[in-house]
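S.K.: Build me a structure from this.
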Amino acid sequence: MNMQRASAAVILLGLLLHVVCESGAQSAAADAPLPEPSEFLEKVRRNIVRQYDDAILLNGYTYRMKMTHDELTGEGKTKERKIEESEVINKDGLPLYKLVAKDGQPLSEKEAAKQKFEPRSRGPFNRPKSGEEAIKEAKAFVDDLFRVMNFKVVRREHVRGRPAIVVEFSPRPGAQPQTRAGKMVLTRSEGEAWVDEMDHVVARLHTRFVEDLTWGTSLVAKVYKGGEVIREWLKFRDEIWLPARSETRFKARVFMVKGFNFRRVEEFSDYKKFSAETTFTVVDAEK
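M.R.: Next up is the predicted model:
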């Protein structure tokens with residue numbers, strides 16, 4: 001019994017030392033000087049084009065996506081929930097979905113036999129087309145992003161165990177965006193981005209609408225201020241950054257009649273690569 005207690009004490013001491021050392025290392029990193037903003041942000045700019053659209057980023061991968069859609073009351077409480085899980089194949093930048101489970105239960109054999117891989121509507125903010133046109137549109141948006149936004153490097157934190165630089169952003173007064181997305185979204189948004197310090201890739205993003213957003217006219221559709229988009233990415237197999245989670249919260253009205261108040265969460269898992277082509281090579285990563 002004494003030997004068992006001694007062994008347990010040694011293990012406990014080792015774990016304690018590991019926690020203390022890890023905490024000390026993170027504290028020392030947090031106290032290190034922040035990177036020079038202009039050089040740091042230029043490296044981020046080169047990579048963020050690929051993160052503009054999942055269809056670009058996930059080309060050549062299969063994965064599983066769990067979607068949880070909550071209809072909310074005016075007070076923000078869930079009144080109805082729908083959960084769907086799909087297998088996804090992304091080929092040539094086009095994601096194709098096949099439903100495999102609903103509300104936590106696998107489909108019956110009869111229901112599963114009816115399913116096939118099909119594209120899914122992306123709503124009013126359609127993704128860019130695949131190929132060179134998609135990259136061109138992404139680059140135009142990123143140019144607008146740096147044209148419209150003020151960026152402020154504020155602190156260092158950790159995301160999924162990796163050091164990240166937190167960058168706050170908000171629209172410059174009188175900014176003149178050139179793209180449709182820039183005019184609709186960027187001038188009405190602010191938030192924070194957690195940028196992986198080694199790879200200069202956005203690991204987490206939190207965006208808030210600070211003004212109402214309309215398209216068409218206010219009689220067609222309006223998203224009210226206070227809406228949020230939260231996104232996270234992970235480094236898959238220590239070689240490529242892929243989406244991990246996306247959360248969208250919107251309160252909107254369409255044709256001044258039908259109102260929406262919802263929260264939608266998409267979780268990505270079970271990544272497998274079926275294409276030999278690399279979809280996202282990090283630019284200027286520090287080794």
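
S.K.: Below-threshold pLDDT in this structure: ranges please.
M.R.: 1-31, 121-131, 216-219, 256-257, 275-287 (pLDDT under 70).

S.K.: if you go through it in chain order, where are the strands?
M.R.: Applying DSSP state E to the chain gives strands spanning 61-72, 78-91, 94-102, 105-106, 149-159, 162-171, 189-196, 202-209, 213-215, 221-223, 228-236, 240-254, 258-273.

S.K.: what's the closest of these to residue 118?
M.R.: Nearest to residue 118, of all the strands of the chain, is strand 94-102, at 6.1 Å by C-beta to C-beta. For the C-beta atoms, the positions are set from N, CA and C on the backbone; glycine is no exception.

S.K.: For residue 55, which of the strands of the chain is the nearest?
M.R.: Counting by C-beta to C-beta, residue 55 lies closest to strand 94-102 out of those; the figure is 6.1 Å.

S.K.: which parts of that closest one are buried?
M.R.: For strand 94-102, a neighbour-count test (16 or more other C-beta atoms under 10 Å) marks 95, 96, 97, 99, 101 as buried.

S.K.: sorry, back to before: quick one, which of the strands of the chain gets closest to residue 116.
M.R.: Comparing the strands of the chain by C-beta to C-beta, strand 94-102 comes nearest, at 6.3 Å.

S.K.: For the residue positioned nearest the centre of the chain, which non-adjacent residue is closest in space?
M.R.: Most central in the chain under C-alpha atoms, centre = their mean is residue 231, positioned 2.6 Å from the mean C-alpha point. Closest residue in space to residue 231, ignoring its immediate chain neighbours: residue 205 at 4.5 Å, by C-beta to C-beta, 6 or more residues apart in numbering.

S.K.: For the one you found, give the beta-bridge partners.
M.R.: residue 193, residue 231 (DSSP bridges).

S.K.: can you count the residues close to it?
M.R.: 20 (other C-beta atoms under 10 Å).

S.K.: From what I see, it and residue 195 are in contact.
M.R.: No - taking contacts as C-beta atoms under 8 Å, residue 205 lies outside contact range of residue 195: 9.6 Å.

S.K.: re the thing from before, possible to save the strands of the chain as JSON lines with distance to residue 179?
M.R.: Formatted as JSON lines, the strands of the chain follow (distance: least, C-beta to C-beta, whole Å):
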{"stretch": "strand 61-72", "distance to residue 179": "27"}
{"stretch": "strand 78-91", "distance to residue 179": "24"}
{"stretch": "strand 94-102", "distance to residue 179": "22"}
{"stretch": "strand 105-106", "distance to residue 179": "42"}
{"stretch": "strand 149-159", "distance to residue 179": "13"}
{"stretch": "strand 162-171", "distance to residue 179": "14"}
{"stretch": "strand 189-196", "distance to residue 179": "14"}
{"stretch": "strand 202-209", "distance to residue 179": "16"}
{"stretch": "strand 213-215", "distance to residue 179": "14"}
{"stretch": "strand 221-223", "distance to residue 179": "18"}
{"stretch": "strand 228-236", "distance to residue 179": "17"}
{"stretch": "strand 240-254", "distance to residue 179": "20"}
{"stretch": "strand 258-273", "distance to residue 179": "24"}
